[in-house]
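K.L.:
Provide a 3D model corresponding to the input given below.
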Amino acid sequence: MESETQAFQHRLLSVKLWPPSHGTRLMIVEWMTKNLTTPFHFSRKYGLLSYEEAEEDAKKIEELAFAAADELYKKYPDGDGGSAVQTYAKEFSRLMREVAKRGPTVNDGELADKARETDFDVSDDHWPFIDAMKAEELLKPLGEPGICYTKICISNISFGSDAANVAASILPSVKDQLTEVDLLNFIAGRPESEALEVMNIFSSALEGCHLRYLNLSNNVLGEKGVRAFGVLLKSQNKFGGALFDE
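P.N.:
Numbers count the residues shown, from 1 in each chain. Here you go, the predicted model:
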């Protein structure tokens with residue numbers, strides 16, 4: 001029994017974590033490609049990569065990360081290769097962040113301002129009051145050329161009249177491409193008169209956009225609030241749905 005136990009322990013100790021199999025490396029490339037083509041905070045700021053570009057970058061990243069980890073393992077072999085695996089993971093994670101921050105590149109004569117469909121999200125969990133200057137800072141990306149925003153989420157940020165007027169100067173430039181708008185809890189803590197004014201401003205700024213989804217929840221609308229959004233709601237011919245929960 002003792003010899004069998006020792007043999008089993010020897011087999012465990014002989015398991016090598018490095019190098020990864022070819023299949024594992026392919027799975028990592030696929031995983032990185034998926035992540036680089038999924039909208040998240042970096043892509044909202046720097047742009048979303050196409051599948052083709054993301055896949056090409058993922059392959060290069062994996063090769064560089066593998067080379068760095070393999071070099072370490074050859075210099076300092078540690079039995080099972082655990083240190084090499086850690087280096088491999090840290091390196092491809094670091095390079096992924098660099099590519100995400102770099103954003104899409106222009107290849108083969110493509111125009112730099114080629115439209116890219118993506119989401120725009122400036123929601124906040126802390127219900128901050130914002131002024132005109134902060135509104136301009138937050139919403140500035142909407143006015144930049146080259147990105148086709150189809151979904152916007154401006155929730156849990158409290159707009160006053162001045163901030164709403166800034167939004168009104170920017171939103172018309174993108175409203176023709178919008179399909180989803182989320183304005184959950186965007187007037188929190190404002191006096192009723194100002195809240196209704198803000199609703200009217202946003203309603204007029206978005207009038208005529210063709211939405212399939214509109215979220216106006218947690219704004220304590222009531223009849224006055226619904227009327228304040230009347231211009232926007234009446235302009236919808238084929239409307240998918242709206243949320244008005246209190």
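
K.L.:
so where's the protein uncertain?
P.N.:
1-15, 40-45, 78-79, 106-117, 125-127, 146, 237-246 (pLDDT under 70).

K.L.:
strands along that one, start to end?
P.N.:
For the chain, strands defined by DSSP state E occupy the ranges 117-121, 129-130, 148-153, 158-159, 180-182, 213-215, 242-243.

K.L.:
adjacent strands (with direction) for the fifth one?
P.N.:
The sheet places strand 180-182 alongside strand 148-153 (parallel), strand 213-215 (parallel), with pairing taken from DSSP bridges.

K.L.:
deepest of those strands, which one?
P.N.:
For these, the largest average neighbour count (mean count of other CB atoms under 10 Å) is found in strand 213-215, namely a mean of 19. All C-beta spots, glycine's among them, are computed from the backbone N, C-alpha and C.

K.L.:
ok so, going back, just put the strands of the chain in TSV and tack on distance to residue 174.
P.N.:
Compiled in TSV, those are given as follows (distance: least, CB to CB, whole Å):
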stretch	distance to residue 174
strand 117-121	8
strand 129-130	19
strand 148-153	5
strand 158-159	17
strand 180-182	10
strand 213-215	15
strand 242-243	19
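
K.L.:
for residue 70, see how far away residue 133 is.
P.N.:
51 Å (CB to CB, to the nearest Å).

K.L.:
give me the more crowded residue out of the two.
P.N.:
Each of residue 133 and residue 70 had its neighbours counted (other CB atoms under 10 Å), and the higher figure belongs to residue 70 (16 against 11).

K.L.:
quick one, longest helix in this structure?
P.N.:
When the chain is parsed with DSSP state H, its longest helix is helix 51-75.

K.L.:
could you double-check that residue 235 lies in contact with residue 204?
P.N.:
No. Assessed by CB atoms under 8 Å, residue 235 is found out of contact with residue 204, at 9.9 Å.

K.L.:
out of the strands paired with strand 180-182, which is closest to residue 24?
P.N.:
Closest approach to residue 24 among the strands paired with strand 180-182 (CB to CB): strand 148-153, 35.0 Å.

K.L.:
kindly export the closest one (C-alpha atoms) in PDB.
P.N.:
What follows is strand 148-153, C-alpha atoms only, in PDB (Å, rounded to 0.1, in the frame of the first residue of the first chain):
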ATOM      1  CA  CYS A 148     -22.500  55.400 -33.800                       C
ATOM      2  CA  TYR A 149     -24.100  55.400 -30.400                       C
ATOM      3  CA  THR A 150     -27.300  53.400 -30.500                       C
ATOM      4  CA  LYS A 151     -27.900  53.000 -26.800                       C
ATOM      5  CA  ILE A 152     -27.400  55.600 -24.100                       C
ATOM      6  CA  CYS A 153     -27.700  55.300 -20.300                       C
END
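
K.L.:
what angle do that strand and strand 117-121 make?
P.N.:
Here the directions of strand 148-153 and strand 117-121 differ by 30 degrees (axes from the mean of the first three to the mean of the last three CA atoms, to 10 degrees).
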